[in-house]
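J.: Would you be able to build a 3D model of this:
(2 chains)
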Amino acid sequence: MKFLRLTLLIASKDLRSEFRTKETLNASLSFALAILVLFSFAFDPDSDMIRQIAGGLLWMVFAFSSALILNRGFAREVPNDCLDTLIASPVSGAQLFLGKTVANYVLLLLVEAVSLPVFGVFYNANWARRIGLLALVFILAAWALAVMGTMFSALTVNLRLRELMLPALLYPALVPALMAAIQLTNLLIAGDTVGKEDQIWFRLLAGFDAIFTLLGLALAETVFVG
Amino acid sequence: MRNPILYLFAAVAAVLLAWDLYQVFMILPDELNQGMIYRIIYFHVPAAMVAFAAFFASLVASAGYLTTKEMRYDSFSASAIEVGFVFATVNLVTGSIWGRIIWGIWWTWDARLTSMFVCWLLYAAYLLLRRAIDEPAQRARLSAVLSIFAFTDVVIVWKSIEWWRTQHPGPVLSIRGGGGMAPGMQAPLYWNALALALLATILLVLRMRQEAARREIDSLRRQAYAL
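T.: Numbers count the residues shown, from 1 in each chain, chains lettered A, B, ... in the order given. Model (predicted):
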């Protein structure tokens, strides 16, 4: 119980400071919208085309705009030696990691919740046909982004080339989760059912989440303290 | 390289490779459907085996470093990944050539090829990360964590031909329960794998010595500053 309380304390601290300035959220959202606009020049968005590329487009937008949020997660603790203070505080590495992950997760879900309707309007896509399963995909895949992103931003926070290293590490590591999310989003936005053949993608997403959450929790202390 | 065991390894590897090349090009017949190009399997598959063995060795050494904090584990882990990375590249390139002949395309985004490419990217990122960190203990710690994370993708590559219906063929070796390949054709493959593994071991030992020498130079330099 105490574990969760301290975890939520970290998460709420992060979210509170984010919502006071909204700097990361605004930057990430406007970046997401800018990519959505740019993609409309890359191809002619008719309805057939949208069926084929909706998943790829959306997850490309989320993956890129999330990098802004994830980078800031730990970078904001660097001035004034806040990160050292957090590490020295009675909060364990795993709690700090999980708290940061939850805060990033909430922000990512917010960005997704705003971008999806905007995508629907810009590209004339009826995305709400299988909203329940689509929400499940978003919930699982956003957690994958949050957990991997938080881990790698913790790894890179003290490096000279922080902003350059995070994408180089994060995107290859995310490929299995993004691949699954893209396949499922394509199916669900087209209004198709998830057949037996495609259930592997759900299993992949769930497995990815479980494995990397556990790995992250196990290795967090090592990453922060050594 | 003054170590006689390394010379022995090199000699055995050279003899094995020469004998295998003779077997593969002079003795074995063309394959029924693919003709001559199938022979690339004798390098394509062993290179993957050696790469994965090296990545696994790095995983074990990384766990070793995190528990003991001994720098030799870090040198081992980094050397294994460098060597494994080369063999992974050999695997990708030979696979691409094979694909061009048999499928008519250099590359396709099926699960096996994609996950292998991702694996290659991840270990490239590992090498990048090592370059970006100057402090040895921090470098060792963070790259050990990354090595553990990256290895999960090796499992995905290995299992991908069972989990998905891929353009890449399923298991053909009998040790993996496939057994599609004729036993006479399998033997040179295992011998080649052994030869490449010996070669990888030699490279790894040499690379580890370089790392040890570099650590020594670093510590001498620090001492010189201190004086």
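
J.: worst-scoring helix or strand of chain A, pLDDT-wise?
T.: helix A:47-75 (a mean of 86; mean pLDDT, DSSP states H and E).

J.: Any buried residues in it, and which?
T.: By 16 or more other C-beta atoms under 10 Å in any protein chain shown, the buried positions in helix A:47-75 come out as A:50-51, A:53-75. Every residue, glycine included, has its C-beta placed from N, CA and C.

J.: avg pLDDT for the next helix-or-strand element following that helix?
T.: Scanning forward in sequence from helix A:47-75 by DSSP states H and E, the next helix or strand is helix A:82-88. The pLDDT scores in helix A:82-88 average 89.

J.: Centre of the chain to helix A:82-88, how far?
T.: A distance of 24 Å separates the centroid of the chain from that of helix A:82-88, by C-alpha atoms, centre = their mean, to the nearest Å.

J.: just stretch A:43-50 next, same as before
T.: That offset, for stretch A:43-50, works out to 26 Å (C-alpha atoms, centre = their mean).

J.: Contacts only, for the nearest residue to residue A:109 once chain neighbours are set aside.
T.: Leaving aside its sequence neighbours, residue A:109 sits nearest to residue A:142 (C-beta to C-beta, 6 or more residues apart in numbering or on different chains; 5.4 Å). Neighbour list for residue A:142: A:62, A:105, A:108, A:109, A:112 [criterion: C-beta atoms under 8 Å, 6 or more residues apart in numbering or on different chains].

J.: can the strand or helix carrying residue B:45 be found next to chain A?
T.: Using DSSP H and E, residue B:45 sits in helix B:41-68. Yes: shown here: helix B:41-68 in contact with chain A (C-beta under 8 Å from any C-beta of the partner chain) through residue B:66.

J.: helices or strands next to that helix in the packing?
T.: helix B:71-102, helix B:111-132, helix B:136-163, helix B:183-226 (3 or more C-beta pairs under 8 Å, 6 or more residues apart in numbering or on different chains; DSSP states H and E).

J.: Out of these, which is closest to chain A?
T.: Closest approach to chain A among the helices and strands packed on helix B:41-68 is made by helix B:111-132 (3.9 Å; C-beta to the nearest C-beta).

J.: circling back: what kind of secondary structure is the residue nearest to residue A:109 in?
T.: helix (DSSP: H, G, I helix; E, B strand; the rest coil).

J.: What of residue A:226?
T.: Residue A:226 ends up coil, using three-state DSSP.

J.: residue ranges with poor pLDDT in chain B?
T.: B:1-2, B:174-179 (pLDDT under 70).

J.: Grab the most central residue of it for me.
T.: residue B:51 (1.4 Å; C-alpha atoms, centre = their mean).

J.: how about the nearest residue to the residue in chain A positioned nearest to chain B, chain neighbours excluded?
T.: The nearest approach of chain A to chain B comes at residue A:172, 3.9 Å away (C-beta to the nearest C-beta). Closest residue in space to residue A:172, ignoring its immediate chain neighbours: residue B:121 at 3.9 Å, by C-beta to C-beta, 6+ apart.

J.: Confirm for me that the one you found is in contact with residue A:170.
T.: No: counting by C-beta atoms under 8 Å, residue A:170 is not a contact partner of residue B:121; they are 11.1 Å apart.

J.: of those two, who's got more company?
T.: Taking other C-beta atoms under 10 Å in any protein chain shown, residue B:121 and residue A:170 do not tie; residue A:170 has more neighbours (23 against 18).

J.: residue contacts, the more buried one?
T.: Going by C-beta under 8 Å, 6+ apart, the list of residues near residue A:170 reads A:67, A:70, A:148, A:149, A:152.

J.: Let's have these in a markdown table, adding distance to residue B:33.
T.: Putting the contacts of residue A:170 into a markdown table (distance: C-beta to C-beta, whole Å) gives the following:
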| residue | distance to residue B:33 |
| --- | --- |
| A:67 | 46 |
| A:70 | 48 |
| A:148 | 42 |
| A:149 | 46 |
| A:152 | 44 |
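
J.: and chain B, which of its residues are near chain A?
T.: By the rule C-beta under 8 Å from any C-beta, the part of chain B lying against chain A is B:66, B:114-115, B:118, B:121-122, B:125, B:128-129, B:132-133, B:137-138, B:141-142, B:144-146, B:148-150, B:152-153, B:156, B:163-164.

J.: Buried by neighbour count, from those residues: which ones?
T.: Buried residues within these, defined by neighbour count using 16+ other C-beta under 10 Å: B:66, B:114-115, B:118, B:121-122, B:125, B:129, B:132-133, B:141-142, B:144-146, B:148-150, B:152-153, B:156, B:164.

J.: ok so, going back, could you identify the most distant pair in the contacts of residue A:142?
T.: Pairwise distances across the contacts of residue A:142 (C-beta to C-beta) peak at 12.3 Å, for the pair A:62 and A:105.

J.: Skipping its backbone neighbours, what lies nearest residue 151 in space?
T.: In the absence of a named chain, chain A is used. Residue A:151's closest residue in space is residue A:216 (C-beta to C-beta, 6+ apart), at 4.7 Å.

J.: hm, I was asking about chain B
T.: Residue B:151's closest residue in space is residue B:59 (C-beta to C-beta, 6+ apart), at 4.5 Å.

J.: From residue B:152, how far off is the one you found?
T.: Distance of residue B:59 to residue B:152, given as C-beta to C-beta, to the nearest Å: 10 Å.

J.: Likewise for residue B:222?
T.: Counting by C-beta to C-beta, the gap from residue B:222 to residue B:152 is 36 Å.

J.: residues contacting the residue of chain A closest to chain B?
T.: B:118, B:121, B:122, B:125.
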